[in-house]
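# need a structure here:
(one chain, ligands or ions: 2)
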Amino acid sequence: MDPIVDIDFIDNRTPAQAAACDTHVTQESNTGKSRKLYIESYGCAMNFSDSEIVSSIMFEQGFDTTSDIAVADLVFLNTCSIREKAEQTVRNRLGQINHYKKKNPGLMVGVLGCMAERLKKSLLEEEKIVDLVVGPDAYRDLPNLISEVDGGQKAVNVLLSREETYADINPIRLNSNGVSAFISIMRGCDNMCSFCVVPFTRGRERSREPYSIVREAQALVAQGFKEVTLLGQNVDSYKWAAEDGTETVNFAQLLEKVALLSPELRVRFSTSHPKDITDEVLYTIKKYDNICKYIHLPAQSGNSRVLELMNRTYDRAWYMNRVDAIRRILGDDCGISSDMIAGFCTETEEEHQDTLSLMEYVQYDYSYMFFYSERPGTLAARKLEDDIPLEVKKRRLDEIINKQRETSLARNKRDIGRVHKVLVEGKSKKSKEQLSGRNDQNKVVIFDKKHYQKGDYVNVFVHDCSVGTLFGEAVD
Ligand code: SAM
Ligand code: SF4
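Numbers count the residues shown, from 1 in each chain. Ligands and ions are numbered 1, 2, ... in the order given. Below you'll find the predicted structure:
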């Protein structure tokens, strides 16, 4: 059965972005292990990356991965709590998985990730089919937890850690196109945005040892990967210090270390935080051709009062200043994308207009757009009233989406008549005779296949576009 893909924002993303945000399912590994693991991952790229760590730990425990839930001995749902709907999707999915459990009573079902962390033991009571509940910092304990379940018990570990980065675990690449891979460079988040559940579900921010990151990227290059995306909730606050105090590495320095591995390796990163992104990072991006000129810089709102209520620690003027710095240092071609929340507590119509005018100012290439969903335990849930009626939130979201469609189209039209360096990711979904890849700015480009293959860099002359895609012809 296909996984449920149920998102509560309107989708004007490129297929590549969508692939990075919907649901991922494990592929077959078939190395002859005695049991089979099926993982479905929901939410953000960080979860997909975590599922690769989990697969690696489970492989050592005698589990191959499978893409067919019907033949699995163990099912993991790696979950997201960011909005209420994300949790509801998982609960619905558990209902469906119950049918498999009825046919195969020995089937073990585990809930991993943010929802496990948020709901802890109560998930076992609420969802009877669940056998184990494991938070994002407890994956090393999976072997013990699995033996508890093998012994007929239910198992829970939701301890958060201040140190765990899984630096020494070699992820098993799932759903990989063999071209691009995620590398987690840090975990957790120390910002307390008032709407956000992440600091509660993923714990304190910690940065992974830089040389393990470089080694992981190096191994990917050796395997033929052409692109890595360095992942963190706020990559700009990446900071590592050697225990003996002899060396420190910040994000700009880490980016440089990875970029220097090979000029053939494209380096991307996400997410940048407006309060922390420095000119040093921007100059590092400029210095290396293989660091992609594309920055995901979530604004959330264009109004300073709302930003303060959101506890984002910057205001509209600060955000605009950072965008100006990007344009000054990296030029108008640098792609910029955002996350936007419509209808946050007490937001007025005028304040909503400020979001639209910020979008007009920045001319985002694309955005992930949501309406506010109150999450239990967050600062906003405790201190602010969720007072914007749902239909108003949805109407404002529609207006934000329409504005985004406008600026996406305008930005894509600028790309017409130019040659773009495209990294081919595979066949186009619509035609076997066409290939799909992405340009530096992370935009999907479709062109006729000719003799080109997955993993090739191809110069493509773009002659047409839609809101989400560029169309062109390969030029030699
Ligand atoms: N760390 C990233 C940042 O600060 O930009 C974002 C991480 S969060 C996983 C992804 C996005 O989900 C946020 O940028 C925000 O737009 C959205 N989001 C988070 N909490 C939300 C909520 N309670 N309601 C609606 N959207 C929310
Ligand atoms: Fe959530 Fe804010 Fe941290 Fe992003 S920076 S994960 S929105 S608390």
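
# so what touches stretch 198-208?
The contact list for stretch 198-208, computed with CB atoms under 8 Å, 6 or more residues apart in numbering, reads 46, 81-82, 113-115, 117-118, 135-137, 160-165, 167, 184-192, 232-234, 237-240, 377-378. Backbone N, C-alpha and C define where each C-beta goes, glycine included.

# ok, and which of those residues reach ligand 1?
Near ligand 1, judged by CB under 6 Å from any ligand atom, the entries from the contacts of stretch 198-208 are I82, Q233, N234.

# what's the ChimeraX line that selects buried ones from the contacts of stretch 198-208?
Selection of the buried residues among the contacts of stretch 198-208 in ChimeraX, burial being defined by 16 or more other CB atoms under 10 Å:
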select :46,81,82,113,114,115,117,118,135,136,137,160,161,164,165,167,184,185,186,187,188,189,191,232,233,234,237,238,240,378
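
# which of the contacts of stretch 198-208 fall in helices?
Per DSSP state H, helices hold the following members of the contacts of stretch 198-208: M46, C114, M115, E117, R118.

# quick check, pLDDT for the residue lying closest to the first one once chain neighbours are set aside.
Just to be clear, that refers to M46. Here the nearest residue to M46 in space, its sequence neighbours aside, is L231; by CB to CB, 6 or more residues apart in numbering that works out to 5.7 Å. Confidence at L231, expressed as pLDDT, is 97.

# could you do the one 10 residues further on as well?
For A241, the model assigns a pLDDT of 95.

# again with R13
For R13, the pLDDT comes out at 34.

# contact residues of this protein facing ligand 2?
Remark: the part of the chain in contact with ligand 2 comprises C189, N191, C193, C196, V198, P199, Q233, N234, H273, using CB under 6 Å from any ligand atom.

# try 5 Å this time
For the chain, the residues in contact with ligand 2 (CB under 5 Å from any ligand atom) are C189, N191, C193, C196, V198, Q233.

# now the second one. Nearest residue, chain neighbours left out?
Using CB to CB, 6+ apart and skipping the chain neighbours, the partner closest in space to N191 is N234 (6.3 Å).

# returning to what we had before: tell me how far the residue nearest to M46 lies from S272.
As defined by CB to CB, to the nearest Å, L231 lies at a distance of 12 Å from S272.

# now H24
Between H24 and S272 the distance is 23 Å, computed by CB to CB.

# now swap in A325 and tell me
Taking CB to CB as the criterion, A325 is separated from S272 by 12 Å.

# repeat for I146
For I146, the distance to S272 equals 38 Å [CB to CB].

# rewinding a little: got the contact list for the residue nearest to N191?
If a contact means CB under 8 Å, 6+ apart, then N234 has M186, C189, N191, E205, T271, S272, H273, D276 as its contacts.

# would you mind giving those as a markdown table with distance to S180 and pLDDT added?
Rendered in a markdown table, the data for these read as follows (distance: CB to CB, whole Å; pLDDT from 0 to 100):
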| residue | distance to S180 | pLDDT |
| --- | --- | --- |
| M186 | 19 | 97 |
| C189 | 24 | 97 |
| N191 | 27 | 95 |
| E205 | 25 | 97 |
| T271 | 17 | 96 |
| S272 | 19 | 98 |
| H273 | 23 | 98 |
| D276 | 25 | 97 |
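
# of the residues you listed, which is the nearest to ligand 1?
Here the nearest of the contacts of N234 to ligand 1, counting by CB to the nearest ligand atom, is T271; it sits at 4.3 Å.

# now that closest one, nearest residue through space, not along the chain?
Computed as CB to CB, 6+ apart, the closest residue to T271 that is not its neighbour in sequence is H296, at 5.3 Å.

# show me the shaky parts of the stretch 251-400 of the chain.
Along the stretch 251-400 of the chain, segments meeting pLDDT under 70 are nowhere present.

# now the helices for it?
Residue ranges of the helices in the stretch 251-400 of the chain, as given by DSSP state H, counting those that start in this stretch, are 251-259, 279-287, 304-309, 316-330, 349-362, 379-383, 390-415.

# just name the most buried of those.
Mean neighbour count (mean count of other CB atoms under 10 Å) peaks for helix 251-259 among the helices of the stretch 251-400 of the chain, with a mean of 21.

# which elements pack onto that helix?
Helix 251-259 makes packing contacts with helix 210-222, strand 227-231, strand 266-270, helix 279-287 when contacts are defined by 3 or more CB pairs under 8 Å, 6 or more residues apart in numbering; DSSP states H and E.

# ok so, going back, and the gap between the residue nearest to N191 and I146?
33 Å.

# how about L124?
When CB to CB is applied, the distance between L124 and I146 equals 16 Å.

# neighbour count: the two, which is higher?
When L124 and I146 are compared on other CB atoms under 10 Å, the one with more neighbours turns out to be I146, at 24 against 18.

# buried sites along the helix or strand hosting that one?
Using DSSP states H and E, I146 sits in helix 142-150. Judged by neighbour count (16+ other CB under 10 Å), helix 142-150 contains these buried residues: L142, L145, I146, E148, V149.

# surely the last one and V109 touch.
In other words, V149. No: contact status for V149 versus V109: not in contact, 9.3 Å apart, counting by CB atoms under 8 Å.

# neighbours of E264, how many?
A total of 13 residues lie near E264 under the criterion other CB under 10 Å.

# how about it, what does it touch?
When contacts are taken as CB under 8 Å, 6+ apart, E264 is in contact with V221, K226, N290, Y457.

# quick one: it from Y211, how far?
From E264 across to Y211, the span is 21 Å (CB to CB).

# before we move on, back to that, which one of the helices of the stretch 251-400 of the chain lies nearest to ligand 1?
Evaluated over those, closeness to ligand 1 peaks at helix 379-383, with 7.4 Å, by CB to the nearest ligand atom.

# put the alpha carbons of that closest one into PDB.
Listed next in PDB are the C-alpha coordinates belonging to helix 379-383 (Å, rounded to 0.1, in the frame of the first residue of the first chain):
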ATOM      1  CA  LEU A 379       5.200  29.300  24.700                       C
ATOM      2  CA  ALA A 380       2.400  30.500  22.500                       C
ATOM      3  CA  ALA A 381       0.000  27.800  23.700                       C
ATOM      4  CA  ARG A 382       0.800  28.800  27.300                       C
ATOM      5  CA  LYS A 383       0.700  32.600  26.900                       C
END
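
# what does it contact?
With CB under 8 Å, 6+ apart as the contact definition, helix 379-383 has outside contacts at M192, S194, F195, L309, M310, N311, F344, C345, E374, R375, D386.
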